[in-house]
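>>> I would like the atomic coordinates for the input below:
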Amino acid sequence: MVKPSAPKKHLSHNSCAIYAKNKVLFLVWIYDSASRFCYDTYTFIGYEPIMTVTIKKQTIAKSSISKKQQLIIQAALKVFSLYGLTGASMEQISQEADMSKSNLFYYFDSKDELYTAVLSHVLTEWLAPLNDIQLEQEPAQALSHYIDVKYQLSKKMPEASKLYALEIIQGAPHLTKILKGPLKALVKEKVAVIDAWIAAGKLKPISAMHLIFHIWAVTQHYSDFATQVEAVSGKSLSNKVFAQDAKATTLQLLVESLVIKDGTAV
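Numbering: from 1, shown residues only. Alright, predicted model coming up:
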């Protein structure tokens, strides 16, 4: 494996380069808001750059990703979220994708390669909403929107949340560099935003990092622990009233209790 040189001039604000071999996606670079190189992973010899992802705008310039690849990634996500990398098999994934195993191997050389592609897909969805929090916004608006999007992700992508949780529980062997690199940098940036709101008298003093952790814990609970939630309450986020109550409770605890208006908390 080699470290590629970084073609900074081709990347925009908060972008990452995506590399691929035989059209298999692999996250390579992420840049900070000043377009300085702040993180890189390793890429395999023979991989070629095929796209860029602008995290802030949640847009992907697709050039070589086929619908069949997307189908495979979605099928693999379901299987990996149930059995993990070790327990899942390419046979199970091919059945879920309704295609032959030989056809599956045409797009992905190995189970590890497919697992990496699935994790890259999940992380793209996960990082985008947090990056939307900006200093020029009002804290109530920014935090409320972030919580709303996180609940939507828990409802629409429970398998993604479960897979991410499984990877973390196992020590994040495939994500360690990303967690300590781009995710850590992104959280640090948003902690600074929240601290600035506190300094401006817009929020009550609180640990910004723990506030972010609390938002993650509460919103992802409804997907990671869906079985427990449904066993105890008899409902899930698919129930509109239940979902509204869950979000309203989170907003009351983690936003409304902190926002300062006219010198007092809302």
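
>>> neighbours of residue 247, just the number please.
20 (other Cβ atoms under 10 Å). Glycine gets a C-beta too; all of them are placed from N, C-alpha and C.

>>> Quick check: chain neighbours aside, which residue is closest to it?
Leaving aside its chain neighbours, residue 247 sits nearest to residue 151 (5.3 Å; criterion: Cβ to Cβ, 6 or more residues apart in numbering).

>>> Secondary structure element holding the one you found?
Assigned by DSSP states H and E, residue 151 belongs to helix 139-156.

>>> again with residue 260
Short version: residue 260 belongs to strand 260-261, going by DSSP H and E.

>>> now do residue 135
With DSSP H and E as the test, residue 135 turns up in no helix or strand.

>>> so it sits right up against residue 195, yeah?
No. Residue 135 is not in contact with residue 195 according to Cβ atoms under 8 Å; the separation is 10.3 Å.

>>> which helices and strands sit right next to the next helix-or-strand element following the helix holding residue 151?
Going down the chain from helix 139-156, the next helix or strand is helix 158-169, by DSSP H and E. In this structure, helix 158-169 makes packing contacts with helix 67-87, helix 111-131, helix 139-156, helix 208-224, judged by 3 or more Cβ pairs under 8 Å, 6 or more residues apart in numbering; DSSP states H and E.

>>> how many other residues sit next to the nearest residue to residue 194 once chain neighbours are set aside?
With Cβ to Cβ, 6+ apart as the criterion, residue 194 has its nearest non-adjacent residue at 3.6 Å, and that residue is residue 208. Per other Cβ under 10 Å, the neighbour tally for residue 208 reads 20.

>>> still on that earlier bit, averaged pLDDT, the strand holding residue 260. What do you get?
Across strand 260-261, pLDDT averages out at 86.

>>> Figure out how far that strand is from the centre of its chain.
31 Å (Cα atoms, centre = their mean, to the nearest Å).

>>> Repeat that for stretch 187-204.
That offset, for stretch 187-204, works out to 22 Å (Cα atoms, centre = their mean).

>>> Give me the residues contacting it.
32-33, 130, 133-135, 138-139, 205-206, 208-209, 211-212, 257-260, 265 (Cβ atoms under 8 Å, 6 or more residues apart in numbering).

>>> can you rerun that using 6 Å?
Stretch 187-204 is contacted by residues 133, 135, 139, 205, 208, 209, 258, 260, 265 when judged by Cβ atoms under 6 Å, 6 or more residues apart in numbering.

>>> burial of the third one, as a residue count?
Read it as residue 139. The burial count for residue 139: 21, using other Cβ under 10 Å.
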